[in-house]
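In: What shape does this take:
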Amino acid sequence: ICSTVDMEAKTNTLYNNCNSKSSYRLNSVGLVYNHILKALICLPCGIALVSSEAFGHLKSAHKSQHIHIAQKDLDEIFYTLDLAATLPTLDLHKTHPEIPGLPVIKAIPCSQCGKLMGTQATLQKHYSIHHRGASKLSAIDHVNAQRLDNRFNAQLFEVVCADFVPPSASENFVRQLRADHDKANATDKGSRLDPRLVNPWLKSTRWPLLVKDRNIQQLIQYVALPNDMEFPGLAGVVGQLFIDTEGEFDALPELTLQWLNSPDPMKSGISNTPFHRHQDHPTRMKIYIRPILQLIAMLLRRPMDPPVFVLPSYIGELVTCFHSSLGKKQSDAWIMLKNLLMAIWTCTWVSTPEHMFTDPTIICLALTMVDTHGGFKHAKHTTGTIAQFEYCMRIVFMLHIHSQSTAKGSSYTHETDKLSMWFTEKKESTFNSLRSLQHRATAIALSTISLPRVYWIDRKEFRTMLFDGDEIAFSNIRLLFVDLEKRLVQSWKEHVLMGLDLHFAYGSICDDLTNPTIGYSFMSDPRNPFVSKRDWMMTSVIDSPKLRKKFIAFEMGNGHVEWNQVALRSWLFKYAQFESLLLVRAQMLGGSPGRGTEITAMTYKNIGTSTHRNCVVFGKYLAMLVTYHKGTSMTGTEKLIPHAFDGLTSDLIIQDLAIARPFAELAVHICYPGHASIRTVYRDHLFVNNGKLFTSENMTGIMQALTEPILGAQLGLAAWRQVSIAFKRKLSTSLEDLVEVDEHDTIQAQQASHSRWTENRIYGLSADSLSGVAEDVLPLYLDASTDWQIETKTVPGGLGLPYMQCMAKDFDALVSDGTIACTARDSHMPTPMANVKVVVQEMCAFELFIQHMF
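Out: Numbering: from 1, shown residues only. From the prediction side, this is the model:
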């Protein structure tokens, strides 16, 4: 390739006379338009193409590169370009300007006819055929040459390469000046602080003084998460200390755990809620131990010059001992790590004239909040890290209380009392410093109005918005649900049922909501038709010669069979893909979106450790009862919020639990014998993910993959909450007139698992205040779901129709014949506003009464 070509000039020439949008779309599949040839250039292949060849070339030559573009999309682009029907015929005896995008090679001209050859071997062959007996030149001259393609236009022609224009002296001077400036910026130290430019949070923490006159990038690296190469074995030891603590949680008496969970007993007394493991403890703790890893890595790293902190000699010795234990016996390192953390967190750290900050935990916290540009993150980003530090501190204190009581034979109460000053507020300690910062950061975070992520382009109909700069059209959200519907039905018919014609017809489904029996659900209620044909799918598979051959490897004469576990596992994988689509549809169409941690853990049966199941039937509505777990750890109580499934999702869930789930349970029994935890997942939970439950991260990845092609933006769980709630505030407002006040929780705000006040502060949504007693409130929750479904032209739940009659194509017909009553939800709205206010006041009084009782 000619190395003297100015590639920037190439690009400018390639895009000449081609509008920017077309250029971008063509370039995304490796094509560019050349206005001189009036043809396309395929950059990966280095050949010229006419419009009629482009689609076939991409489909065949670039199949392995997964380049996808529709023929109609290419035709739309070609329509805007001046493309010739054939490639031009070039005069091979002339020298042409270089054509950017085509490779330049060194060619050898024939001394007799001037024809160019790519190699000496082809030149020899040419002479032997066309110039036999003619003399050859002793010296071979090479010229720059190109060819249009490798087929009908493969003949080389001589070209003149664009000359590289060297930069002028002034350009070199300016370039060097800019490079010196950028280098100085990269190593710049904290500048002198102007008090007028320091926000209240940083004024109270005084953290800018910690980074003053220091290299910001070095400080960030000082508290960076370590890798296994830097400190081998560190992550394993920290994980063992904080994650493998199941026994200690169960061993300590409840009062000790309650004491550990009481940060300010002088003010609030001893908490009735004991310190406890997280709902998803192992997964959650992998996140919670990150600040601990950063703290320990900071202690193990070489001190900065000048040092950021100075450790007491006995703590310095503990750091050295722990460092030397890494890579050796893990149990010894585990004990040394616990002793080191206990020493740090039971030390009174006092400022000195040389060091205003002496507590390494607070220093680590402050440095982790420094961003790459030298500023500090907002106070709201600090609260999570502080909470992680607090939780890990309580675990270490719990382990210490347990070990001391066991070793000395003393009571847990005695050991807890001795240690209590180190996990109690208003006593000089690391814990007190963290709690003080937490209170201030929380107050600032709660009083700060979030900057909008949503900007409405359409301020009349509110059908188009900008979300984080990406344009989101409501019409595309409807298309998203149509696409999701097609994927679901196809997955159900082809991959789950494998072509079997199975479908339960049912009328009203009986569900005893007050039945506390473990294992009970509407699927096991004898009044429903599902019980009598529980293994319908397994029987149908065995009766089908094709599927019997697929799932049974061979049969024995004694009536036993050898199952094809590979086929069964493959089916379970495809079943999980169907479940993922069902889960996402339930999340996106069930009224205001719940949180991922709630949706992914839902059960459809009564289980022994919960007071309720999450999938229930209200008349003809199939609904999920979502428990808001985010507040459960603080209040000890569970708040149930009903979400109504749409029509298609409702029937597919029922068909799934009645037909496919029993088959999946038997497949798991065959493939995973002895794995009780896997069997429990399929037995009890509403959505299953190939032997385990889905996670919020799974949902986010699936939603992003589904939304990007249609909406033009990747919307995961958090982003979808923002977008959907913004649309609902404008488009789904049937309960907007229930109250005139704005202080009470709303139907859709509770479905979204946050307070009305949080909704106003962060999401800026509309109010639909609760009204009436429980049986009167329930239709409002269900309506909040069906309102959204109808707005998106999705067949709503509560109609009792099979899924094949709940497709998007059926919506208009169902509205026309009155099956879907778009205004029916308004009938629930009480007209006298005075009555609504009285009800709201009575409900508030009742809530206060309940709070005092418990």
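In: gap between Val795 and Glu461?
Out: 23 Å (Cβ to Cβ, to the nearest Å). Just so you know, the C-beta spots here come from the backbone N, C-alpha and C atoms, and that holds for glycine as well.
In: okay, those two: which has more neighbours?
Out: Val795 (28 against 10; other Cβ atoms under 10 Å).
In: The more buried one: what's it in contact with?
Out: Applying Cβ atoms under 8 Å, 6 or more residues apart in numbering to Val795 gives the contacts 646-648, 789, 801, 805-808, 810-811, 814, 820.
In: in what helix or strand does the residue located most distally from the centre of the chain lie?
Out: Residue distances from the centre of the chain (Cα atoms, centre = their mean) peak at Gly133, which lies 73.6 Å from the mean C-alpha position. Using DSSP states H and E, Gly133 sits in no helix or strand.
In: what does the model give it for pLDDT?
Out: According to the predicted model, the pLDDT of Gly133 comes to 71.
In: mind checking the backbone torsions on Ser433?
Out: Ser433 adopts backbone torsions of phi -60, psi -40, taken as degrees, to the nearest 10.
In: neighbours around it, how many?
Out: Other residues near Ser433 come to 17 when the count uses other Cβ under 10 Å.
In: Excluding sequence neighbours, find me the nearest residue to it.
Out: In space, Ser433 comes closest to Ile362 once its chain neighbours are excluded; the distance is 5.5 Å by Cβ to Cβ, 6 or more residues apart in numbering.
In: And that neighbour, how far from Arg301?
Out: Taking Cβ to Cβ as the measure, Ile362 and Arg301 are separated by 17 Å.
In: average pLDDT across whichever helix or strand Ala54 is part of?
Out: With elements delineated by DSSP H and E, Ala54 resides in helix 51-61, which encompasses its position. The pLDDT scores in helix 51-61 average 85.
In: Also stretch 296-307?
Out: 91.
In: which residues are in contact with it?
Out: Contact with stretch 296-307 is made by 214, 218-219, 222-226, 230-231, 234, 238, 311, 319, 322-323, 337, 340, 360, 363-364, 367, as judged by Cβ under 8 Å, 6+ apart.
In: C-alpha coordinates for the helix holding Ala54, PDB please?
Out: Listed next in PDB are the C-alpha coordinates belonging to helix 51-61 (Å, rounded to 0.1, in the frame of the first residue of the first chain):
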ATOM      1  CA  SER A  51     -25.600  -0.300  -6.800                       C
ATOM      2  CA  SER A  52     -27.100  -3.600  -8.100                       C
ATOM      3  CA  GLU A  53     -24.100  -5.500  -6.700                       C
ATOM      4  CA  ALA A  54     -24.000  -4.000  -3.300                       C
ATOM      5  CA  PHE A  55     -26.600  -6.000  -1.400                       C
ATOM      6  CA  GLY A  56     -25.400  -9.300  -2.700                       C
ATOM      7  CA  HIS A  57     -21.800  -8.500  -2.000                       C
ATOM      8  CA  LEU A  58     -22.600  -7.600   1.600                       C
ATOM      9  CA  LYS A  59     -24.700 -10.700   2.100                       C
ATOM     10  CA  SER A  60     -22.000 -13.100   0.700                       C
ATOM     11  CA  ALA A  61     -18.600 -11.500   1.200                       C
END
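In: Next secondary structure element downstream of that helix?
Out: Counting by DSSP H and E, what follows helix 51-61 is helix 71-79.
In: So which elements touch the helix or strand following that following helix?
Out: For helix 71-79, the succeeding helix or strand toward the C-terminus, using DSSP H and E, is strand 96-97. Helices and strands touching strand 96-97, by 3 or more Cβ pairs under 8 Å, 6 or more residues apart in numbering; DSSP states H and E, are strand 157-160.
In: who does the helix or strand following the strand it packs on touch, helix- and strand-wise?
Out: Following strand 157-160 in sequence order, the next helix or strand is helix 169-186 (DSSP H and E). Under the contact definition 3+ Cβ pairs under 8 Å, 6+ apart, helix 169-186 sits against no other helix or strand.
In: Only alpha carbons, please: show the following helix or strand past helix 169-186 as PDB.
Out: Read in the C-terminal direction, the helix or strand following helix 169-186 is helix 200-205, with elements assigned using DSSP H and E. What follows is helix 200-205 as a C-alpha-only set of coordinates in PDB (Å, rounded to 0.1, in the frame of the first residue of the first chain):
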ATOM      1  CA  PRO A 200     -21.800  23.200  51.000                       C
ATOM      2  CA  TRP A 201     -21.100  19.400  50.900                       C
ATOM      3  CA  LEU A 202     -17.400  19.900  50.300                       C
ATOM      4  CA  LYS A 203     -17.200  22.800  52.800                       C
ATOM      5  CA  SER A 204     -18.500  20.500  55.500                       C
ATOM      6  CA  THR A 205     -16.200  17.600  54.600                       C
END
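In: where's helix 200-205 relative to the chain centroid, distance-wise?
Out: Here helix 200-205 shows a centroid-to-chain-centroid distance of 32 Å under the convention Cα atoms, centre = their mean, to the nearest Å.
In: Show me which of the contacts of stretch 296-307 are buried.
Out: In terms of neighbour count (16 or more other Cβ atoms under 10 Å), the buried residues within the contacts of stretch 296-307 are 214, 219, 222-224, 226, 231, 234, 238, 311, 319, 322-323, 337, 340, 360, 363-364, 367.
In: same question for whichever strand or helix holds Leu706, mean pLDDT?
Out: In the assignment (DSSP H and E), Leu706 maps to helix 696-711. This predicted structure assigns helix 696-711 an average pLDDT of 92.
In: for it, the distance to its chain's centre please.
Out: Centroid separation for helix 696-711 versus its chain: 8 Å, with Cα atoms, centre = their mean.
In: which other residues reach it?
Out: Residues beyond helix 696-711 that count as contacts (Cβ under 8 Å, 6+ apart) turn out to be 470, 472-473, 476-477, 479-480, 483-484, 580-581, 583-584, 587-588, 595-597, 599-600, 689, 713-718, 720.
In: Put the alpha carbons of that helix into PDB.
Out: Included here for helix 696-711 are C-alpha records, laid out as PDB according to Å, rounded to 0.1, in the frame of the first residue of the first chain:
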ATOM      1  CA  SER A 696     -31.400  -7.100  37.400                       C
ATOM      2  CA  GLU A 697     -28.300  -7.200  35.200                       C
ATOM      3  CA  ASN A 698     -29.900 -10.000  33.100                       C
ATOM      4  CA  MET A 699     -33.000  -7.900  32.600                       C
ATOM      5  CA  THR A 700     -31.000  -4.800  31.700                       C
ATOM      6  CA  GLY A 701     -29.100  -6.600  29.100                       C
ATOM      7  CA  ILE A 702     -32.200  -8.100  27.500                       C
ATOM      8  CA  MET A 703     -34.100  -4.800  27.500                       C
ATOM      9  CA  GLN A 704     -31.100  -3.000  26.000                       C
ATOM     10  CA  ALA A 705     -30.900  -5.600  23.200                       C
ATOM     11  CA  LEU A 706     -34.600  -5.300  22.500                       C
ATOM     12  CA  THR A 707     -34.900  -1.500  22.600                       C
ATOM     13  CA  GLU A 708     -31.800  -0.400  20.700                       C
ATOM     14  CA  PRO A 709     -32.900  -1.500  17.200                       C
ATOM     15  CA  ILE A 710     -36.400   0.000  17.500                       C
ATOM     16  CA  LEU A 711     -36.000   3.000  19.800                       C
END
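In: Buried residues in that helix, which are they?
Out: The neighbour-count check on helix 696-711 (16+ other Cβ under 10 Å) flags Ser696, Asn698, Met699, Thr700, Ile702, Met703, Gln704, Leu706, Thr707, Ile710, Leu711 as buried.
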